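next come a sequence and a model predicted from it.
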Amino acid sequence: MQKLEVFGANKLKGKIKISGSKNASLPILAASLLSNKKIKLKNLPKVKDIETMIFLLQSLGSRILIKKNHLIIDNSRQFKKFASYNLVKTMRAGILVLGPLLAKFGSAKVSLPGGCAIGTRPIDIHLKALSKLGVKYSISNGYVNAIAPNGLKGNKINFPKISVGATENLLIAACFAKGTTILSNCAIEPEIKDLTIFLNKMGCKIKWLSKRKVKIIGVDNLKNTDHSVMFDRIEAGTYLIAGAITEGNLNILNVNPKLLKTEIDILKKVGAKIRIFQNEIKIIGNKKINNINLKTAPWPGFPTDLQAQIMVLLCKANKKSKIKEEIFENRFMHVGELNRMGAKISINGNEATIEGNANFKAAELMATDLRASVSLILAALNSKGKSIINRIYHLDRGYENIEKKLKKVGAKIKRIN
Ligand code: UD1
């Protein structure tokens, strides 16, 4: 099994180009199932989750031509409506094919994604909302069997809780529902806005009415579409934190700084110097790191996907900080490993107290999930000596060429077998 070897603690300096967003690409790939016309997608990141979603689409009958910088998808062939456990188990976003399959064929059988390291992650909100569009479902042997006997019919749906995946599944499904659907209490992450742009380019009729309310008028005909996926704001946030923690000097390229305002404000508060350009952010890390209290929240709040990374930085703060994890119930898996490296973090329910003034020591470490893995790299980059990070397959799910990108800015990092 592959591992990463990291020698800290040198300052990172140079330019890092941010890849396309994994979390925008996944629902966009799923939404492509609606169409029988040609779809060209650019700026998809070369990461494992995207590969898995491509395999999933191919298993459903998609013909996908993979070129160096884009994909051409042709879904005009007869489709299967079955998404197998083998493909959905490794990636929860596999459940996003449920909405488009139901919309296109009126029935589908999709594996339940199951739990994962960061919590139980149910799909009850997806299923209840789909039932309001006329879907009947049952769950047996780990699969959702869903059918819309009279096709999907538009309705008013108020999500009981903000869910990124449920908003995406319903947005996609409602595009083929008869009449009008109004979704309220929607998640409004930039990736969802990118999905909306893509669906509208395909010929769907989606209009945001207010902050969390969207109107979808059902259509039955789509057109050829060309779309370039937005940048990965979690990858960008991770490298900004890498710049801050190594007292580095990094230019983060190919981003829209407006979509990183919350993260930039927090990094400024902890003491990093930041300059913003049109598609670029420059960060200069400061030796002194100020403590802060923060909580994760749906957009435009601080993202749960950057919680582990910012925690590493706060371990270096001059005083005690607190982080409340408001999205997932069990997203502190990185804490044990960070404490082994010399951090002093205690957990009480969904709140972590970080003592600060940590002097990280290199260690052999175990990654537990995607963002936890990268937080261990950040800590290793700040530790003198050699750290080994095991189970990096988690990392490969969401970070394109991470060791190449870090090496280019001066990190001593390599992949070993
Ligand atoms: C997406 C992101 C993930 C991010 C998360 C929160 C993708 C592929 N993944 O995940 O990286 O961390 O948003 O920003 O885009 N919930 C239910 N029932 C449901 C659905 C969700 O109880 O049917 C709960 C979840 O357990 C969680 C919360 O709602 O506690 C938010 O989850 P959700 O926004 O749905 O996350 P995902 O779409 O799975």
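Sure, I can see it.

for the stretch 51-200 of the chain, which residue gets nearest to the ligand?
Residue of the stretch 51-200 of the chain nearest the ligand, by CB to the nearest ligand atom: residue 165 (2.8 Å). From N, CA and C alone the C-beta is placed, and that goes for glycine too.

wait, is that residue part of a strand?
No: secondary structure of residue 165 (DSSP: H, G, I helix; E, B strand; the rest coil): helix, not part of a strand.

quick check: residues of the stretch 51-200 of the chain near the ligand?
92-93, 119, 121-126, 161, 163-166, 187 (CB under 6 Å from any ligand atom).

could you rerun that using 8 Å?
91-93, 96, 118-128, 161-168, 187, 189, 191 (CB under 8 Å from any ligand atom).

cool, the stretch 301-417 of the chain as well?
303, 304, 305, 327, 328, 329, 370, 371.

in contact with the last one, which residues?
Counting by CB atoms under 8 Å, 6 or more residues apart in numbering, residue 371 touches 234, 305, 306, 307, 308, 309, 334, 398.

same check, this time on residue 370
Shown in contact with residue 370 (CB under 8 Å, 6+ apart): 394, 395, 397, 398, 399.

rewinding a little: out of the residues of the stretch 51-200 of the chain next to the ligand, which are inside helices?
Among these, DSSP state H puts 124, 125, 126, 127, 128, 164, 165, 166, 167, 168, 191 in helices.

about what we covered before: for ChimeraX, what selects the buried ones among the contacts of residue 370?
Buried members of these, defined by 16 or more other CB atoms under 10 Å, are picked up in ChimeraX with:
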select :394,395,397,398,399
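
ok, the contacts of residue 370 vs the ligand, which is closest?
Nearest member of those to the ligand, counting by CB to the nearest ligand atom, is residue 398, at 8.2 Å.

next, residue 183: secondary structure please.
Of the three states, residue 183 takes strand under three-state DSSP.

that older thread, residue 97 is in contact with the residue of the stretch 51-200 of the chain closest to the ligand, correct?
No: between residue 165 and residue 97 there is no contact under CB atoms under 8 Å: 11.5 Å.

neighbour count: those two, which is higher?
A count of neighbours by other CB atoms under 10 Å puts residue 97 above the other of residue 165 and residue 97, at 28 against 22.

the more buried one and residue 298, how far apart?
23 Å (CB to CB, to the nearest Å).

picking up where we left off before, mind giving me the PyMOL select for the contacts of residue 371, buried ones only?
Command for PyMOL that selects the buried part of those, burial taken from 16+ other CB under 10 Å:
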select buried, resi 234+305+306+307+308+309+334+398
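
doesn't residue 7 lie inside a helix?
No: read with three-state DSSP, residue 7 is strand and lies in no helix.

tell me the contacts of it?
Applying CB under 8 Å, 6+ apart, the residues near residue 7 are 362, 385, 386, 387, 412, 413.

show the contacting residues for the first one.
When contacts are counted by CB under 8 Å, 6+ apart, residue 362 touches 6, 7, 8, 341, 380, 383, 384, 385, 386, 387.

output the below-cut-off pLDDT ranges for this protein.
114-120 (pLDDT under 70).

helices of that one, start to end?
22-31, 48-60, 85-88, 98-105, 124-132, 164-174, 190-202, 233-245, 261-269, 307-314, 334-340, 370-381, 393-396, 402-408.

got those as a markdown table, with distance to residue 12 columns?
Shown next, in a markdown table, are the helices of the chain (distance: least, CB to CB, whole Å):
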| stretch | distance to residue 12 |
| --- | --- |
| helix 22-31 | 22 |
| helix 48-60 | 25 |
| helix 85-88 | 36 |
| helix 98-105 | 41 |
| helix 124-132 | 40 |
| helix 164-174 | 30 |
| helix 190-202 | 26 |
| helix 233-245 | 6 |
| helix 261-269 | 15 |
| helix 307-314 | 13 |
| helix 334-340 | 20 |
| helix 370-381 | 7 |
| helix 393-396 | 18 |
| helix 402-408 | 7 |
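
which of the ones you listed sits closest to residue 215?
helix 164-174 (9.3 Å; CB to CB).

put the alpha carbons of the closest one into CSV.
Taking Å, rounded to 0.1, in the frame of the first residue of the first chain, the C-alpha atoms of helix 164-174 are listed here in CSV:
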residue,chain,number,x,y,z
VAL,A,164,-25.7,19.6,-0.4
GLY,A,165,-26.4,16.1,-1.9
ALA,A,166,-30.2,16.2,-1.5
THR,A,167,-30.4,19.7,-3.1
GLU,A,168,-28.3,18.4,-6.0
ASN,A,169,-30.3,15.2,-6.5
LEU,A,170,-33.6,17.1,-6.4
LEU,A,171,-32.4,19.9,-8.7
ILE,A,172,-31.5,17.3,-11.3
ALA,A,173,-34.6,15.2,-11.0
ALA,A,174,-37.0,18.1,-11.1
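
for that helix, what is the distance to the chain centroid?
Taking CA atoms, centre = their mean, to the nearest Å, one finds the center of helix 164-174 at 15 Å from the center of the full chain.

make residue 1 into 55 and carry on from there
Taking 55 as the first residue, the last one we looked at is helix 218-228.

for that helix, packing partners?
helix 76-85, helix 152-159, helix 178-186, strand 234-238, helix 244-256, strand 267-271 (3 or more CB pairs under 8 Å, 6 or more residues apart in numbering; DSSP states H and E).

and the angle from it to strand 267-271?
30 degrees (axes from the mean of the first three to the mean of the last three CA atoms, to 10 degrees).

buried set for helix 218-228?
Buried-residue list, helix 218-228, by 16+ other CB under 10 Å: 218, 219, 220, 221, 222, 223, 224, 225, 226, 227, 228.

repeat for stretch 235-245
The neighbour-count check on stretch 235-245 (16+ other CB under 10 Å) flags 235, 237, 240, 241, 242, 243, 244, 245 as buried.

neighbours of residue 257, just the number please.
Residue 257: 17 neighbours (other CB under 10 Å).

to clarify, my last question referred to residue 406.
22.

same thing with residue 395?
Per other CB under 10 Å, the neighbour tally for residue 395 reads 21.

same deal with residue 125?
20.
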